[in-house]
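1. Dropping a prediction and its sequence here:
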Amino acid sequence: MPIFTFEGFTEGSLVAMSAAQGTQGAAGSVPEWRLSNMNTATLDIARIEPAELVAPVGIWFEATDLQGFAVSEPGPGEGPYDPTAHDITYIWDFDDPGTFTAPLNIPTVWNNKGIDYGKKAYHVFDTPGTYVVRLWAIDREGVTGERMIPVTVLDPDEVYPGVRTICVSNQGDFTGAPAGARTVFTLAAARDSYRALSQTGRILLRRGETFEFSYFITGQSNHRVGAFGPSGEAKPICRPPTPSAGSTGWGTVFNFQNANTIADAAFYDLDFQGDWDGTKETGDPRAAAIGTGAHNSIDWNVLVYRCDFDGINGLMVGNGDVSAWLFAIVDCHMVNARDYMIGQFATSYELGEKLAVVGSSFHDPENVCRGGYGQDGLGNVYGALRNGPTRNVILSACDFYNGTAPTGTNDVQPTLRLGSNATGVQADWHMFVNANRIVVEGGDAPFGFSPMNAESPGLPANAVFDMCLIMGDYNFREAVVLGHGGITMRNAIMTTLVGSTTRDALSFIENRDSDENLRTGVAAMPLDYQNCTFYSTQGAEITITRGGTGRTNLTFTNNVNHQPDASVTPDAPIDLTQTITGIRPRNRGRRVGPQKVSASVSGVGNGGTFTIAYPAGTGPADFSADGRHTVKIGSAWWFSYRGDCSLSFGASNITVTNLSDATMTGTAELGLDQDTLTTDTSRGSPEAVPLPVPIGDSQALIDGGAPQPHTQFDTGQRMRPKGAV
């Protein structure tokens with residue numbers, strides 16, 4: 001671990017510090033260098049971790065026992081607001097340099113897995129060894145504290161020798177399997193062998209192979225599933241078995257059973273695939289990857305690491321009725337899910353709940369169909385992440401994009417929806433959120449931290465959103481919606497890059513108070529916006545904020561407003577010739593999927609037919625018989641590409657033939673594969689995002705009558721700037 005020595009500074013100096021390693025960088029500052037205060041404060045590091053620290057292993061870290069800083073943690077009875085979460089800058093060094101492997105659409109300098117920011121952090125160590133984790137903290141007065149702790153990560157080949165490792169190859173190829181491992185040919189056999197172990201172990205799937213199985217997890221205290229074989233080969237593909245025609249559901253690949261005793265689980269280096277294609281709204285939308293809703297017997301810890309998800313419903317994070325759980329998603333890539341990519345809706349409100357999403361990308365395809373046909377399963381719905389009542393949330397170095405809507409013309413969901421609690425939350429409930437280095441694009445409001453609806457209460461929180469890029473598209477109504485209290489947003493760029501929007505009454509920030517039921521004391525909790533830049537290419541002005549008239553502690557400090565197309569440039573001149581390296585907006589424009597049509601059918605058995613009218617504005621030239629068409633009746637499904645049915649396209653009607661043994665009776669809805677779908681690129685975002693940089697005598701560089709260095713929102717520099725530019 002590198003050791004830095006600083007010397008030669010006089011008392012009272014403003015000192016900026018930066019470090020670079022290859023293309024990675026980090027920076028910080030001390031507003032006033034005081035020799036007497038350097039590392040005079042103290043703090044400790046708490047860890048939440050699995051019972052076995054075997055690579056790859058994820059650990060949740062927290063700064064605790066802070067003493068000597070200019071702000072103090074609340075004591076018993078002092079209320080939920082914690083100034084040490086907001087007013088102290090925390091920089092973590094995990095002694096584990098490198099970058100995330102997921103295809104992240106974030107500023108290049110953010111892709112550094114060896115560091116993190118905030119009072120709480122999560123990190124995965126994927127290589128055995130001993131690491132020295134360093135936490136450095138500095139408050140606004142320049143007082144610093146430092147703590148270092150060792151972390152020893154064990155080698156899985158040594159911890160799980162011989163038959164404690166079970167390798168699966170359905171082709172009988174065990175090249176690269178650990179010496180002495182048990183070898184089996186099906187995932188069912190691996191499951192049975194794993195359950196029979198009288199001690200902890202692991203299952204490894206052969207790279208380059210496909211496994212179709214619904215695996216119900218139960219039994220012993222841990223459950224680890226990874227990959228083996230040459231590292232250059234593709235990750236093993238995991239799918240649930242294909243359902244029969246007319247069935248009402250598809251399976252989940254890995255699913256925790258009721259009353260299981262699994263305390264620690266890990267899934268790594270796996271590729272979960274389904275059939276859904278969001279660019280045409282075709283395929284079976286029902287498959288799921290990992291289900292934890294029944295994981296309800298004991299406190300548990302689940303890590304999903306370096307996994308890919310495509311065309312499959314992602315991770316429905318249930319918590320069951322337990323006092324503590326931790327679900328972490330790290331270095332993962334998820335695309336093309338019909339519904340929420342990460343969803344968490346349970347309402348047990350337990351104190352130990354933790355969700356960490358780190359170094360991962362969750363996004364719709366660039367030409368995703370907009371949806372808007374409801375939740376019947378035939379069209380795209382909802383956004384990238386919805387989090388309900390989880391007590392502790394960490395988001396770090398991630399990107400999220402949503403281009404879809406569940407119903408209607410304007411019913412668009414936020415892309416990132418946090419704190420979506422229901423009405424039954426208990427009276428003393430409050431939340432912690434640490435989000436840093438995140439990009440959020442799309443949705444009517446890309447970013448939301450607000451209750452589920454007007455009947456649900458706005459809650460106390462300690463939420464810090466630091467180093468954020470929030471991008472609106474043609475659905476833009478506001479960049480951020482905040483309905484809870486105790487929030488700091490700093491070093492953020494909020495921008496809309498599309499020249500026109502489908503909405504009116506636009507605002508960058510909506511502070512909700514009138515339409516949300518704020519708990520007692522929430523209205524007085526701080527809403528603090530620091531060092532943010534508001535940039536727009538809309539022809540009409542977007543107001544900086546609306547709402548919040550009932551908030552008594554709302555502050556704006558050192559922010560920049562630049563809307564040149566609306567002639568609103570109070571902080572000009574601004575240089576817009578630079579772009580943010582590593583960012584390409586995914587919104588390519590508005591794409592409307594096939595209209596859904598229906599007909600009443602009765603007793604259509606094998607070989608039987610029924611006819612249905614074409615969607616409005618379409619005809620035979622828009623479809624082909626060999627497309628991926630769907631028939632849905634109630635909760636039963638038929639798919640032409642699986643041979644369940646066939647469709648022919650006549651001059652005036654569509655004829656559907658049932659090729660299965662399941663009888664079709666009821667209201668048949670058609671999800672058609674339309675060949676002639678197009679994307680309205682006039683509503684698309686540009687290929688790059690400008691970096692607004694103040695130049696010359698810009699008011700953005702003036703603070704207290706003296707020029708000030710501007711913030712680098714992409715490196716977390718802590719000076720007295722104006723705007724995250």
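-> Perfect, thanks for sending it. Residues are numbered from 1 along each chain as shown.
2. Okay, now stretch 71-82: how far is its last residue from its first?
-> Stretch 71-82 has an end-to-end distance of 9 Å (Cα to Cα, to the nearest Å).
3. which residues touch the longest helix along the chain?
-> Counting residues, the longest helix found in the chain (DSSP state H) is helix 187-196. Here helix 187-196 makes contact (Cβ atoms under 8 Å, 6 or more residues apart in numbering) with 163, 166, 168, 182, 184, 201, 203, 205, 211, 213, 215, 218-220, 223. C-beta here means a position set from N, CA and C on the backbone, and glycine is covered the same way.
4. and of those residues, the nearest to residue 288?
-> The closest of these to residue 288 turns out to be residue 215 (Cβ to Cβ; 12.2 Å).
5. Would you confirm that residue 371 contacts residue 383?
-> No: in this structure residue 371 lies outside contact range of residue 383 using Cβ atoms under 8 Å: 10.8 Å.
6. my read: residue 495 touches residue 536, true?
-> Yes: between residue 495 and residue 536 there is a contact at 6.5 Å, judged by Cβ under 8 Å.
7. re earlier: tell me the buried residues within the contacts of helix 187-196.
-> Neighbour counting over those (16 or more other Cβ atoms under 10 Å) leaves 166, 168, 182, 184, 201, 203, 205, 211, 213, 215, 218-220, 223 as the buried ones.
8. Where does the prediction get shaky in the stretch 401-550 of the chain?
-> The stretch 401-550 of the chain contains residues with pLDDT under 70 at 409-410, 514-516.
9. Could you do the chain as well?
-> Low-confidence segments of the chain (pLDDT under 70): 1-38, 294-297, 318-321, 345-348, 409-410, 514-516, 703-725.
10. can you rerun that using 50?
-> 1-2, 11-12, 31-37, 705-710, 716-721 (pLDDT under 50).
11. Which residue ranges of it form helices?
-> According to DSSP H, the helices that the chain contains are 83-86, 156-159, 187-196.
12. Just name the most buried of those.
-> When those are scored by mean count of other Cβ atoms under 10 Å, the highest mean neighbour count falls to helix 83-86 (a mean of 20).
13. in stretch 558-574, what's buried?
-> Buried residues in stretch 558-574, counted by 16+ other Cβ under 10 Å: 558, 559, 560, 561, 562, 563, 568, 571, 572, 573, 574.
14. Which members of the residues you listed are positioned in strands?
-> Using DSSP state E, 560, 561, 562, 574 are the members of the buried residues of stretch 558-574 that sit in strands.
15. Redo those residues as a markdown table? Include distance to residue 525.
-> Shown next, in a markdown table, are those (distance: Cβ to Cβ, whole Å):
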| residue | distance to residue 525 |
| --- | --- |
| 560 | 25 |
| 561 | 25 |
| 562 | 29 |
| 574 | 33 |
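16. and the two most separated of those?
-> Greatest spatial distance among those (Cβ to Cβ): 561 and 574, at 10.2 Å.
17. between residue 371 and residue 383, which one's more packed in?
-> residue 383 (32 against 27; other Cβ atoms under 10 Å).
18. Just the CA coordinates for stretch 323-331, please, in CSV.
-> Extracted in CSV, the C-alpha atoms of stretch 323-331 (Å, rounded to 0.1, in the frame of the first residue of the first chain):
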residue,chain,number,x,y,z
SER,A,323,-33.9,-9.1,11.4
ALA,A,324,-30.9,-8.7,9.1
TRP,A,325,-30.0,-9.5,5.5
LEU,A,326,-27.4,-8.2,3.0
PHE,A,327,-27.8,-8.5,-0.8
ALA,A,328,-24.9,-7.2,-2.9
ILE,A,329,-24.7,-6.9,-6.7
VAL,A,330,-21.1,-6.1,-7.8
ASP,A,331,-19.5,-5.9,-11.3
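19. what residues does it touch?
-> With Cβ under 8 Å, 6+ apart as the test, stretch 323-331 has contacts from 48, 58, 60, 100-102, 113, 122, 124, 292, 295, 299-306, 315, 317, 319, 342, 344, 350-360.
20. Give me the nearest residue to the residue lying farthest from the centre of the chain, chain neighbours excluded.
-> What lies farthest from the middle of the chain is residue 651; by Cα atoms, centre = their mean that is 46.2 Å. Distances taken as Cβ to Cβ, 6 or more residues apart in numbering put residue 620 closest to residue 651, at 6.6 Å, once the chain neighbours are dropped.
21. I'd like to know how far the one you found sits from residue 639.
-> Distance of residue 620 to residue 639, computed by Cβ to Cβ, to the nearest Å: 21 Å.
22. So those two - more neighbours on which side?
-> Set side by side, residue 620 and residue 639 show more neighbours around residue 639, with 22 against 14, by other Cβ under 10 Å.
23. list the contacts for that one?
-> With contacts defined as Cβ under 8 Å, 6+ apart, residue 639 is in contact with 245, 275, 283, 284, 628, 629, 630, 631, 645.
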